[in-house]
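Q: got a sequence here, can you model it:
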Amino acid sequence: MSHRQGLARPDDRDDQADAVEPAEPTRPGRTAYRRGAANPNGSTTSLRADVLGALGVLKVATADQLQRLLRPGAASNKAVRQALRDLALHGLVASDGNTRDRHKTWRLEGAAGLDAAAVVLGMVRSEMGGTARGAGRSGAQHAMAVNETVLAFVRGGTAPGAAGGVGTVWSWSTETEFLLPGGRRKVRPDGVWQAPEIGVPVLMVEVDRSTMAPADVAAKFPRYRELFRTRVRDNDPALADREPADRTVHWWRRAWPGHTRPGYPPVALVVTDAGPLALANRQQAVADLSAGCWRGRGCREVRDDNDDGWREYDDAVPIVATTLELLAARGPLGPVWWRFGRAGWHCLIEALENPNNRAAYDLRQAAREDEEHQVHQELMDSLVCIDCGEVPEEESTWEYGPDGRQVEWTRRPGGRCWPYHEKHQQRQQKEQEAKVQAQLEAARTANAALRPCWTSRGSIGGKEGSELELPERARPDRLECPDCVQARAVKDLGPLVLPAPTKREQVAALVSTPDDPWWEDRLLHAKLYPARGRRV
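A: The predicted structure follows:
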C-alpha cells in the first residue's frame with residue numbers, strides 16, 4: 001500500500017521572469033506583450049505548472065475554483081482560463097462539460113497530462129490515479145462539493161471575522177485508494193488533508209451531498225477502522241531483539257508520523273445540499289448508526305459512589321462533522337465542528353481531543369475530592385472545641401467512658417473535645433448536685449418553720465438524710481412527715497383523722513385563738529368525720 005507522504009511543489013519560480021516575453025511599445029501610455037507561438041494565450045509558466053498541479057490534486061475543477069485556490073487576489077479568472085487554453089493546446093488538459101452554474105469543467109488529459117502533473121507534484125505516475133474522464137458531462141457535482149471543501153480549508157471563512165485557512169492545495173490529495181487487508185476491498189476517502197504544522201498529521205475527509213442513505217454513509221466508518229487496525233513490520237534496529245509480534249506498528253504511524261492523541265487518524269464528515277435542519281438530523285443519524293466506531297471503550301475504577309468512569313479510544317476512530325456552508329463561512333479553525341459523542345461546536349483542534357477520557361475523569365475526580373475535602377474541613381471547623389480551640393480530624397471518635405467501657409461519641413457544632421466534654425459533664429453534675437442540695441436545705445428550713453408531724457412531732461419534711469425526706473416545701477394541708485405516712489400505709493391504718501375539739505376547747509376558742517397548729521384541721525375533720533365510727 002503506497003501513499004505519498006506529502007505534496008511538495010518544485011522550485012521552478014526562477015523561470016517566472018522568462019514566462020513573459022520582452023515588451024514592445026505600441027503607443028504612448030500602453031505596453032503590449034508578445035505572445036509566443038507555443039502558448040498563444042499568453043499564460044505564464046508558473047501559472048500553467050500550478051494549474052497542472054491543482055488538477056493533479058482535484059482531478060476536475062472549474063477555472064473559478066482554480067483562480068480562488070491559486071490566485072485568490074486576482075480580479076478575475078482570466079489568467080487561469082488562458083493557462084487552461086494553452087495547456088489544452090498541448091494536449092495536457094481537456095474539458096468534458098459544464099456545471100449546473102454553467103462553469104466549464106477541466107481535467108487532465110491522458111497519460112501526458114498525468115505525467116506533467118506528476119512532475120509538478122513530485123510524484124510517480126502510478127500514484128496519480130485517473131483523469132476523471134467524463135465527470136464533467138453530468139456536472140461533476142460531487143467533485144465540485146469536494147473542491148469547495150478544499151477551498152474552505154485553504155482560503156478560510158468568508159464571513160467577517162472568520163478564521164483563516166490552513167495550508168495550500170498541495171496539502172491535499174483526492175480519490176486516494178487504500179487497500180483493506182486481503183487486497184480485495186478498498187477505502188477511498190474524498191480527500192486526504194495533511195497539516196502537521198497545526199498538529200494534524202492527517203485528516204480523512206468524506207463529503208456527503210445527502211444523496212446516500214445515512215446507513216450507507218455510516219457504513220464507511222467501520223471500513224476506516226479496519227484499515228487503521230492494519231499493522232506492518234517495524235524495521236527499527238532498536239527492536240531487533242524483540243519477538244516478531246512485538247515488532248509491528250500501525251502502518252499509518254509510519255505514513256504520517258507525529259500523532260499524539262490516542263486512537264486512529266480522524267475522519268471529517270462534511271454534509272451539504274440540504275436544509276439546516278435536515279443536515280443536522282442527518283449528522284445525528286450517521287453518528288447513531290456508527291457509534292461502535294467512535295464511542296470508545298468504557299472503563300471504571302471503583303473509588304466511591306460518584307465514580308462515573310471514562311472511555312479509552314485506542315481502538316476508536318475520531319469523527320468530526322460539519323456542513324459545507326458553515327465550513328465555508330467560518331473556516332476550518334472556527335467553531336464549526338461537532339465531535340461525535342461530544343456536545344457543542346468546537347474548532348478543529350478542540351474537536352479532535354477525545355471527550356470523557358482518563359484525563360477528564362481524573363480532573364473530575366480531583367474536583368470531587370477537593371469538594372469533599374472542603375466540605376469535611378468546613379464541618380471540622382464548625383466542630384472546633386469552644387474551650388480549648390482544638391479542631392478535630394474526624395467527626396466521630398471512640399473514647400473510654402467514666403466506667404471504663406468504650407463508647408462512641410460524636411462532636412457537634414458548638415461543642416467540646418472529649419477531655420473538655422468530660423470536664424464539662426463533671427462540672428454540670430457537681431452544679432446539679434449543689435443545686436439539689438441547696439433546694440433541699442431551703443426545703444428543710446421552710447419545713448422546720450411549719451407545724452410538726454402530728455404523729456412523730458418532728459419536722460413535717462421528715463428526718464434529715466432520710467430517703468423519704470421532702471425535697472420541697474410541704475403543702476399547708478400536710479399532717480404527717482413522709483416516714484409516718486409510709487408507716488400508716490404499711491399498717492393499713494387508713495387516712496389520719498384528727499380528734500374533734502372538746503366543748504371546753506370550743507368555749508376557750510371563743511375568747512382567744514387556740515395555741516394549736518392543727519386547730520383548723522381538727523374543726524374540719526370534725527365536720528368531715530362524725531364522732532360515731534371515728535378512728536384517730
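Q: low-confidence stretches in the stretch 301-450 of the chain?
A: Applying pLDDT under 70 to the stretch 301-450 of the chain picks out residues 303-307, 394-409.
Q: where exactly do the strands run in it?
A: Applying DSSP state E, counting those that start in this stretch to the stretch 301-450 of the chain gives strands spanning 310-312, 319-323, 338-339, 396-400, 406-410.
Q: Ala61 and Ala116, how far apart?
A: 16 Å (Cβ to Cβ, to the nearest Å). C-beta here means a position set from N, CA and C on the backbone, and glycine is covered the same way.
Q: report the buried residues of stretch 98-111.
A: 99, 103, 105-109 (16 or more other Cβ atoms under 10 Å).
Q: give the contact list for the residue positioned nearest the centre of the chain.
A: By Cα atoms, centre = their mean, the chain has its centre lying nearest to Asn356, at 6.2 Å. Each residue near Asn356 by Cβ atoms under 8 Å, 6 or more residues apart in numbering is listed here: 310-311, 341-342.
Q: all helices of the stretch 101-250 of the chain, in order?
A: Taking DSSP state H, counting those that start in this stretch as the criterion, the stretch 101-250 of the chain carries its helices at 110-121, 141-155, 214-218, 220-228.
Q: ok, the closest residue in space to Pro517 that isn't next to it in sequence to Thr502 distance?
A: Of all residues not flanking Pro517 in the chain, Arg451 sits nearest, at 3.6 Å (Cβ to Cβ, 6 or more residues apart in numbering). Arg451 is 20 Å from Thr502, where distance means Cβ to Cβ.
Q: more crowded one of the two?
A: Neighbours per residue, other Cβ atoms under 10 Å: of Arg451 and Thr502, the larger number sits with Arg451, 17 against 10.
Q: was I right to think Gln67 contacts Gln82?
A: No - counting by Cβ atoms under 8 Å, Gln67 does not reach Gln82; the two are 11.2 Å apart.
Q: picking that back up, tell me the SS of the residue nearest to Pro517?
A: With DSSP: H, G, I helix; E, B strand; the rest coil as the basis, Arg451 sits in coil.
Q: hmm, back to that, pick the most buried one from the helices of the stretch 101-250 of the chain.
A: Stretch with highest mean neighbour count among the helices of the stretch 101-250 of the chain: helix 141-155 (a mean of 23; mean count of other Cβ atoms under 10 Å).
Q: what pLDDT, on average, does stretch 134-148 get?
A: If you average the pLDDT over stretch 134-148, you get 87.
Q: over to stretch 174-192?
A: The model assigns stretch 174-192 a mean pLDDT of 88.
Q: in the stretch 151-300 of the chain, which spans are strands?
A: Using DSSP E, counting those that start in this stretch, strands in the stretch 151-300 of the chain cover 172-174, 178-179, 186-187, 191-195, 200-208, 231-233, 248-250, 267-271, 297-299.
Q: need those strands in CSV (columns: mean neighbour count).
A: Shown next, in CSV, are the strands of the stretch 151-300 of the chain (neighbours: other Cβ atoms under 10 Å):
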stretch, mean neighbour count
strand 172-174, 25
strand 178-179, 18
strand 186-187, 14
strand 191-195, 21
strand 200-208, 22
strand 231-233, 14
strand 248-250, 15
strand 267-271, 26
strand 297-299, 11
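Q: wait, which of those strands is closest to Gly122?
A: strand 172-174 (12.3 Å; Cβ to Cβ).
Q: mind checking the SS state of Ser95?
A: Ser95 - assigned by three-state DSSP - is strand.
Q: need the contact list for it.
A: 84, 88, 104-107, 136.
Q: let's see it at 7 Å
A: Listed by Cβ atoms under 7 Å, 6 or more residues apart in numbering, the contact partners of Ser95 are 104-106, 136.
Q: out of those, which is nearest to Glu127?
A: Nearest to Glu127 among the contacts of Ser95, counting by Cβ to Cβ, is Trp106 at 21.0 Å.
Q: wait, doesn't the closest one sit right on Leu92?
A: No - counting by Cβ atoms under 7 Å, no contact exists between Trp106 and Leu92, whose distance comes to 10.4 Å.
Q: Glu390: how many residues sit nearby?
A: 13.
Q: what sits against it?
A: Cys417.
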